[in-house]
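**Student:** For reference, the sequence and a predicted model appear below.
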Amino acid sequence: MSVKRSDFTVGMLKDLYKYFFETYDETPTVYDQVFDVQPSDAAYEQSTSVVGMGQLAEKPESDAIAYRKPLEGFTTYGINKTWSDGVEISMEAVEDHQKIGDLLRATARTWGSSVKATRETFYAKTFNYGGYTAGHDHFKNVISGVISQNTGGLVYDGKPLFTLTGNARSSKNGGTYYNSLGALSLTQANLITAYNLMTSTNNRNERDEIVQIIPDTLLVPPALRFTGSVILNSTLLPGSGNNDVNAMAGIVRLVVWPYLTDTDAWFLLKAKSGLVAQNRKDPVIDFYQDEDTKSFKANIVARFGHRVDNFRFVVGANISTS
């Protein structure tokens, strides 16, 4: 039985996938430790929160029950973007290359690293540009002819993800909140300030009623790795000679993300809450021969996006505003 060209390309495609997946899982990613990764099956996703009925009201004897209806929160949106790359190898290069397997391996290895870097870079933008007061393209949800929402590059309530006190956001019930601490460096005292802001001030739903929010992650760039480690891992109070117990020891985990661009920015958050990573399509590799040029072409396509559902689960400091 003769070997067809289609058999050749299928075999090369299998090699590409083999080498791609061998490399893809070598280095752990950070975005999926921070974002709630959800499957998506559409061009965009939307979510509307329903707050519920709230606390019960005291009913005096013989008085009628007061009837209410659930409170609808904000509707949030997240588009899925398409990411791709391709390489063309001439027929002569394929025929004359003594180690075509090495060529495919190198190509797939590059793509394995590229997919991870693309995802990490994309999702880190939520933090890198989340404080921009004029908005940023990262938060725009625009697909021509399909959806045109948040064209100003702000999040669901027309505010940046991280708001300062002078640009506080309002709940559906009228309460005002902020989740950016401005120019506060990472110290134990400032971490306590962020912790209290999240757990004692921003722990409110859209009715402004108390909910429980307990942060579990301190997210920092590499430049703050050792500062964060000292604050969270010292048994005794850092910088004190009085042998005081370090109350912040182990209270949250330290996560270092090289894709954070502000070297002094830091974030306290409840991981996988309020921030969504939408996975529309896992990486798909194709390999075929162009019948006109006789060149061999390999390409890769993936689709994913993001969505901000709730600001309450993250507090930032020292972040850029423009």
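**Tutor:** Received it, and whenever you're ready, just let me know what you need.
**Student:** okay, CA-based contacts and neighbour counts for the rest of this
**Tutor:** OK.
**Student:** what about the helices in the protein?
**Tutor:** Using DSSP state H, the helices of the chain run over 5-24, 31-34, 91-96, 100-128, 188-196, 225-233.
**Student:** least reliable of the ones you listed going by mean pLDDT?
**Tutor:** Per-stretch mean pLDDT for the helices of the chain is lowest at helix 5-24 (a mean of 70).
**Student:** still on that earlier bit, could I get the helices of the chain in a markdown table, plus columns for distance to Gly305?
**Tutor:** Shown next, in a markdown table, are these (distance: least, CA to CA, whole Å):
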| stretch | distance to Gly305 |
| --- | --- |
| helix 5-24 | 19 |
| helix 31-34 | 12 |
| helix 91-96 | 36 |
| helix 100-128 | 8 |
| helix 188-196 | 28 |
| helix 225-233 | 28 |
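**Student:** And those helices: which comes nearest Gly274?
**Tutor:** Across the helices of the chain, Gly274 has its closest neighbour in helix 31-34 (9.9 Å, CA to CA).
**Student:** Show me what that closest one is packed against.
**Tutor:** helix 100-128 (3 or more CA pairs under 8 Å, 6 or more residues apart in numbering; DSSP states H and E).
**Student:** Repeat the analysis, applying 10 Å as the threshold.
**Tutor:** helix 100-128, strand 217-220, strand 275-289 (3 or more CA pairs under 10 Å, 6 or more residues apart in numbering; DSSP states H and E).
**Student:** Dump the ones you listed to TSV, plus distance to Asn203 and mean neighbour count.
**Tutor:** Below are the helices and strands packed on helix 31-34 laid out as TSV (distance: least, CA to CA, whole Å; neighbours: other CA atoms under 10 Å):
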stretch	distance to Asn203	mean neighbour count
helix 100-128	21	18
strand 217-220	16	24
strand 275-289	16	19
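**Student:** Would you format the ones you listed as CSV with distance to Glu209 included?
**Tutor:** Compiled in CSV, the helices and strands packed on helix 31-34 are given as follows (distance: least, CA to CA, whole Å):
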stretch, distance to Glu209
helix 100-128, 27
strand 217-220, 24
strand 275-289, 21
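**Student:** Out of the ones you listed, flag the one nearest Phe267.
**Tutor:** strand 217-220 (5.0 Å).
**Student:** how far out from the middle of the chain is the closest one?
**Tutor:** Here strand 217-220 is found 13 Å from its chain centre; the criterion is CA atoms, centre = their mean, to the nearest Å.
**Student:** who does that strand pair up with?
**Tutor:** With DSSP bridges as the test, strand 217-220 is paired with strand 253-256 (parallel), strand 266-269 (antiparallel).
**Student:** Check what contacts the last one and list those residues.
**Tutor:** Outside strand 266-269, the residues that touch it by CA atoms under 10 Å, 6 or more residues apart in numbering are 34, 127, 179-181, 184-186, 191, 194-195, 198, 213-221, 224, 228, 252-256, 260, 311-319.
**Student:** what residue ranges in the stretch 151-300 of the chain are flagged as low confidence?
**Tutor:** 236-244 (pLDDT under 70).
**Student:** let's go with 90 and repeat that
**Tutor:** 151-152, 173, 207, 233-250, 285-291, 293-299 (pLDDT under 90).
**Student:** show me the contacts for Ile319.
**Tutor:** Contacts of Ile319 by CA under 10 Å, 6+ apart are 127-132, 162, 180-184, 261-267.
**Student:** Quick check: Val146 vs Ala42, distance?
**Tutor:** 11 Å (CA to CA, to the nearest Å).
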